[in-house]
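Participant: Need a 3D model of the following:
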Amino acid sequence: QYKVNDNNWERGNSIILQSLKSGDYILACQAIDKETSNSYQREITFHINTPFWLSIWFIAICVILLVLLVYWVISYRFNQQKQKQEEKNRLTREIADLHIQSLQSQMNPHFVFNSLNSIQNFILLNKPDDAIKYLGTLGGIIRMNLEYISEEYISLSDEIRFLEKYLEIEKMRFKEILNTTIKNNVTDGNKTFLPPMLIQPLIENSIKHGIRSVKYQGFIDIEFVTKNDLLIVKVTDNGIGRDQSQKNRNHHHKSFGLNLITERLSRLNQKNETDRFQIHITDLFEANNPTGTTVQLTVPQFNQRLNK
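Facilitator: This next block holds a predicted model:
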């Protein structure tokens, strides 16, 4: 007979040990000599190791691998979503870029078309000398335009030089009624940048819809200031005001240049993920009588050139 540890004795001529768990064991065996009736007993000690899959180190490794797997899955899904969002943002910026290029390219021929009309007026009024002078100045402006059309941003100094050239030819058209001033309060115009062809259409709009119809000395003041990392441009005129201007023209007519600027600013906000490109129009009154308009253009202040 035999027994394992403190279990009951089992009778038999063979020993069967089944389903033993890991641990230390004492196998006691007892036999009786039938002839002498002597009893013999012997003990055998043995140890069963814990299966490796139940060991602490194996369980710890499995837990670590499981945590790493979960982390990898989460990171993979997060990176996939991040890449999709980045790709979406990239496509959005590219679309905005294309819209901005398209709008900017539309503004240039619009400006040239209006200038050519002015030259035609000089010729019709039998003023060939003025037409030639005007044409020479216009040629310089077109050359500057060709330089700026491929730029996403130009320096404030370049923009002011362009506006001075533009105002020069507009004063030739409206000698008797147009006076202009440019006030630049920005410390370093060579290190301050803004998108090109935003201000000129505002001045053109003031002349066309405000100053051209007045019977008195008209003025347009252009002022540049910086505030809270913003470049603020104010174009103020003493024209007839928007209400009277609307009455003087077709009721369904809309300012082409102003619409393009609004659209460009919207695309610039979209591309740069901001809302700091803004335009505000204020009607000026004195004793309830219109005395002109102020257009305020606000753009983020950049201190370096950002070309495409």
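Participant: any chance you could map the strands in the chain?
Facilitator: For the chain, strands defined by DSSP state E occupy the ranges 2-4, 23-32, 39-48, 154-155, 178-184, 193-194, 218-227, 230-237, 278-286, 289-300.
Participant: Put together JSON lines for these, with mean neighbour count on each row.
Facilitator: C-betas here are computed from N, CA, C, even on glycine. Output for the strands of the chain, formatted as JSON lines (neighbours: other C-beta atoms under 10 Å):
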{"stretch": "strand 2-4", "mean neighbour count": "17"}
{"stretch": "strand 23-32", "mean neighbour count": "13"}
{"stretch": "strand 39-48", "mean neighbour count": "10"}
{"stretch": "strand 154-155", "mean neighbour count": "20"}
{"stretch": "strand 178-184", "mean neighbour count": "15"}
{"stretch": "strand 193-194", "mean neighbour count": "24"}
{"stretch": "strand 218-227", "mean neighbour count": "18"}
{"stretch": "strand 230-237", "mean neighbour count": "20"}
{"stretch": "strand 278-286", "mean neighbour count": "13"}
{"stretch": "strand 289-300", "mean neighbour count": "18"}
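Participant: For Thr298, which non-adjacent residue is closest in space?
Facilitator: Gln278 (4.5 Å; C-beta to C-beta, 6 or more residues apart in numbering).
Participant: In the protein, where's the longest helix?
Facilitator: The longest helix of the chain (DSSP state H) is helix 56-124.
Participant: where does this protein dip in pLDDT?
Facilitator: Low-confidence segments of the chain, defined by pLDDT under 70: 91, 95-111, 249-257, 304-308.
Participant: how near is the residue nearest the centre of it to Ile59?
Facilitator: Central residue check for the chain by C-alpha atoms, centre = their mean: the C-alpha nearest the mean position is that of Asn272, 2.6 Å away. Using C-beta to C-beta, to the nearest Å, one gets 53 Å for the distance from Asn272 to Ile59.
Participant: One more: Thr36?
Facilitator: Distance, Thr36 to Ile59, using C-beta to C-beta: 54 Å.
Participant: Which of those two has more residues huddled nearby?
Facilitator: Here Thr36 and Ile59 are set side by side on neighbour count (other C-beta atoms under 10 Å), and the busier one is Ile59, at 11 against 7.
Participant: who's in contact with that one?
Facilitator: Contacts for Ile59 (C-beta atoms under 8 Å, 6 or more residues apart in numbering) come out as none.
Participant: mind checking the end-to-end distance for stretch 199-217?
Facilitator: Using C-alpha to C-alpha, to the nearest Å, one end of stretch 199-217 lies 22 Å from the other.
Participant: which residues touch that stretch?
Facilitator: Outside of stretch 199-217, the residues within contact range by C-beta under 8 Å, 6+ apart are 107, 110-111, 114, 159, 162-163, 166-167, 170, 174, 177-179, 218, 220, 222, 233, 235, 237-242, 244-245, 248-249, 255, 257-258, 260-261, 292-293, 295, 297.
Participant: Could you rerun that using 6 Å?
Facilitator: The list of residues contacting stretch 199-217 from outside it, by C-beta atoms under 6 Å, 6 or more residues apart in numbering, reads 166, 170, 178, 218, 220, 233, 235, 237, 239-240, 245, 255, 257-258, 261, 295.
Participant: tell me which residues in it are buried?
Facilitator: Judged by neighbour count (16 or more other C-beta atoms under 10 Å), stretch 199-217 contains these buried residues: 199-212, 214.
Participant: pretty sure the residue nearest to Thr298 is touching Val299, no?
Facilitator: No: in this structure, Gln278 is not within contact of Val299 by C-beta atoms under 6 Å, at 8.2 Å.
Participant: Would you mind measuring from Val235 to Arg242?
Facilitator: Plainly put, Val235 is 13 Å away from Arg242 if you go by C-beta to C-beta.
Participant: Sorry, slip of the keys, the one I care about is Pro201.
Facilitator: Using C-beta to C-beta, we find Pro201 at a distance of 16 Å from Arg242.
Participant: Over to Phe58?
Facilitator: Note on Phe58: its distance to Arg242, by C-beta to C-beta, is 81 Å.
Participant: Which of the two has more residues huddled nearby?
Facilitator: Set side by side, Phe58 and Arg242 show unequal neighbour counts under other C-beta under 10 Å, the larger going to Arg242 at 16 against 13.
Participant: how many neighbours does the closest residue to Thr137 other than its chain neighbours have?
Facilitator: Leaving aside its sequence neighbours, Thr137 sits nearest to Ile169 (C-beta to C-beta, 6+ apart; 4.8 Å). Neighbouring residues of Ile169 were enumerated by other C-beta under 10 Å; the total is 19.
Participant: Might one say that Ile169 is in contact with Leu135?
Facilitator: No: counting by C-beta under 6 Å, Ile169 does not reach Leu135; the two are 9.3 Å apart.
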